[in-house]
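In: attaching a predicted model along with its sequence, questions to come.
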Amino acid sequence: FTLIELLVVIAIIGVLFVVAMPVFENAGRKDPTRAAYQLMTTLRLARQHAINKRQFTAVVFPVRAHNGGVVSYGAEDLDKCLRSYAVLAVTNRMDGLLRKEQTPDKMDFIYVSDWKYLPPGIYFDDEKLATSTILMPTNVLSKYSYPLRPGVATPGGPAPVPMAMLMFKPNGRAYQLTTGADPYLVDQDPHIHLTSAKYYEKAGTTLDGPKAIPGSNVTIMVRAKSGQVVFRDK
């Protein structure tokens with residue numbers, strides 16, 4: 001090899017190193033922003049399904065606790081807790097009912113999409129201050145349950161469990177359940193919080209309280225009146 005050829009090879013290696021460096025820097029980084037945009041796509045598709053099919057369409061999020069207690073999961077379903085979401089459609093008519101009668105206990109659900117999971121190390125943050133306009137996703141006072149597996153729950157199979165729920169109606173608006181003894185759907189702006197700054201260890205049939213770790217947080221807001229899905233970085 002001539003000196004010029006060696007210098008050219010060294011220059012090419014240097015360029016490749018500079019280009020590849022960001023990839024190596026981000027290799028172990030957990031990115032809640034990317035997870036948020038993936039969830040936003042699912043939320044928009046759920047809204048579009050509600051409008052096109054004229055069906056109430058819910059996006060559900062398995063939670064760690066509700067009503068001050070813990071939610072128990074089977075071994076096959078524990079990984080869904082705070083890490084997954086699915087889209088369910090309501091097959092029976094709700095339009096003839098009063099708003100306070102449009103509750104999940106009167107709904108028959110089918111799966112529109114099976115479970116999608118957040119990337120490893122990303123969780124739904126369930127410790128932010130609970131208000132009637134924030135889905136954490138722990139709308140903790142919800143007494144309603146949803147199926148963990150596609151299809152109707154059968155004896156001996158996984159029983160439905162309480163979950164946080166965001167509902168799109170055929171009018172395109174977004175709804176969540178109010179807090180209280182008898183929650184009903186209300187069109188207030190839901191917020192969904194994702195975090196990589198916490199870690200939840202498995203503890204039997206549920207998840208233990210979170211441990212703080214280096215990371216970041218992002219928020220998705222759904223405008224109730226329009227159903228618009230908005231990314232927020234705080």
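Out: Alright, I've got the coordinates.
In: host element of the residue most central in space within the chain?
Out: Nearest residue to the geometric centre of the chain (CA atoms, centre = their mean): Tyr85, 4.7 Å. Following DSSP states H and E, one finds Tyr85 within strand 84-90.
In: quick revisit: quick one: contacts for the residue nearest to the centre of the chain?
Out: 39, 42, 59-61, 115-116 (CB atoms under 8 Å, 6 or more residues apart in numbering). All C-beta atoms are positioned from the backbone trio N, CA, C, and that covers glycine.
In: quick check, nearest of those residues to Met221?
Out: Leu39 (12.1 Å; CB to CB).
In: sheet-wise, list the partners of the strand holding Tyr85 with their directions.
Out: Strand partners for strand 84-90, identified by DSSP bridges, are recorded as strand 57-62 (antiparallel), strand 109-117 (antiparallel).
In: any idea how far the residue nearest to the centre of the chain lies from Met165?
Out: Using CB to CB, to the nearest Å, Tyr85 is found at 10 Å from Met165.
In: overlap of the contact sets of those two?
Out: Common neighbours of Tyr85 and Met165, counting by CB under 8 Å, 6+ apart, are 59-61.
In: just the buried members of these?
Out: Neighbour counting by 16 or more other CB atoms under 10 Å classes 59-61 among the shared contacts of Tyr85 and Met165 as buried.
In: what about Lys202, neighbour count?
Out: Counted with other CB atoms under 10 Å, the neighbours of Lys202 add up to 13.
In: spit out the contact partners of it.
Out: 78, 208.
In: so for it, what's the pLDDT?
Out: With respect to pLDDT, Lys202 has a value of 91.
In: quick check: it vs His49, distance?
Out: 33 Å.
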